[in-house]
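Engineer: got a predicted structure here, sequence first:
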Amino acid sequence: MGDNAIVIPVGVLRRIFTLLIVLIVLIVLVLIVRTQLFRAGISTLFAPSAAELIDRNGYQAVFLVNGQFFFGKLQEQGDKYFALSDVFYLSVSEQTGQQLIKRGTELHAPKEPMIIPASEILFIENLRDDGSVATAIRQFRSGQIPVATAPPLTAPPVTTAPTVAPTARPSVVSPSPTR
């Protein structure tokens with residue numbers, strides 16, 4: 001070879017080529033991750049999901065958008081549903097006051113678990129072990145308090161004959177004579 005030729009060993013060329021490939025792959029990965037973070041937001045990358053915040057050892061209060069609320073053990077079922085097992089709710093009456101009812105004693109005899117669409121849940125609270133509801137559930141489980149059943153359905157009072165109120169009729173006003 002001549003004096004002006006540059007000699008590059010084949011091993012060095014392979015290393016340079018490999019580094020270029022690795023660099024291109026890293027750039028593509030950074031662009032993909034950046035696009036995903038832009039869509040979802042950076043805070044969601046590190047935010048825990050609802051399933052991670054649910055205390056598996058305790059009970060939860062589940063408040064629905066229709067105003068109902070239930071107590072039980074909640075588990076996420078994919079992105080769109082939750083399953084609530086060991087379900088209780090409160091019944092309020094003048095005779096008994098507040099009573100914790102075990103779901104399943106109602107007329108339609110529902111079975112567990114209660115499957116709730118995530119879109120119907122307003123919010124979820126983990127219950128403290130020393131709270132009134134968790135304590136009452138434990139007492140129910142141990143047999144210390146009796147099973148409370150759902151209040152019976154009551155029909156509206158039946159009247160013997162419908163009473164019809166007279167309807168007001170507009171009075172007839174004769175037009176005044178025009179002059």
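Structural biologist: All right, it came through fine. Numbering: from 1, shown residues only.
Engineer: going by C-alpha atoms from here, please, whenever you check contacts or count neighbours.
Structural biologist: Will do.
Engineer: just checking, next helix/strand downstream of the worst-scoring helix or strand of the chain on mean pLDDT?
Structural biologist: For the chain, using mean pLDDT, DSSP states H and E, the weakest element among its helices and strands is helix 42-46, scoring a mean of 60. Per DSSP states H and E, the first helix or strand lying C-terminal to helix 42-46 is helix 50-53.
Engineer: which helices and strands sit right next to that following helix?
Structural biologist: The elements that helix 50-53 packs onto, with contact taken as 3 or more Cα pairs under 8 Å, 6 or more residues apart in numbering; DSSP states H and E, are strand 69-77.
Engineer: which stretches of this structure form helices?
Structural biologist: Using DSSP state H, the helices of the chain run over residues 10-40, 42-46, 50-53, 132-142.
Engineer: got JSON lines for those helices, with distance to residue 69 and mean neighbour count too?
Structural biologist: Below are the helices of the chain laid out as JSON lines (distance: least, Cα to Cα, whole Å; neighbours: other Cα atoms under 10 Å):
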{"stretch": "helix 10-40", "distance to residue 69": "31", "mean neighbour count": "11"}
{"stretch": "helix 42-46", "distance to residue 69": "28", "mean neighbour count": "10"}
{"stretch": "helix 50-53", "distance to residue 69": "18", "mean neighbour count": "12"}
{"stretch": "helix 132-142", "distance to residue 69": "13", "mean neighbour count": "15"}
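Engineer: quick one: which of these is nearest residue 61?
Structural biologist: Residue 61 lies closest to helix 132-142 among the helices of the chain, at 9.4 Å (Cα to Cα).
Engineer: low-confidence ranges in this structure?
Structural biologist: Scanning the chain for pLDDT under 70 picks out the ranges 1-2, 37-47, 147-179.
Engineer: okay, buried residues for stretch 111-126 please.
Structural biologist: 113, 114, 116, 118, 121, 124, 126 (16 or more other Cα atoms under 10 Å).
Engineer: contacts only, for the fourth one.
Structural biologist: Read it as residue 118. 79, 80, 81, 82 (Cα atoms under 8 Å, 6 or more residues apart in numbering).
Engineer: how close does it sit to residue 138?
Structural biologist: Separation of residue 118 from residue 138 (Cα to Cα, to the nearest Å): 27 Å.
Engineer: now do the last one
Structural biologist: As for residue 126, its distance to residue 138 is 16 Å (criterion: Cα to Cα).
Engineer: top strand in the chain by residue count?
Structural biologist: The longest strand of the chain (DSSP state E) is strand 81-93.
Engineer: which secondary structure elements does it contact?
Structural biologist: So strand 81-93, by 3+ Cα pairs under 8 Å, 6+ apart, packs with strand 69-77, strand 97-102, strand 114-117.
Engineer: contacts for it next, please.
Structural biologist: Contacts of strand 81-93 (Cα under 8 Å, 6+ apart): 69-77, 97-103, 112-118, 150-151.
Engineer: if anything else comes up later, I'll come back, but that's it for now.
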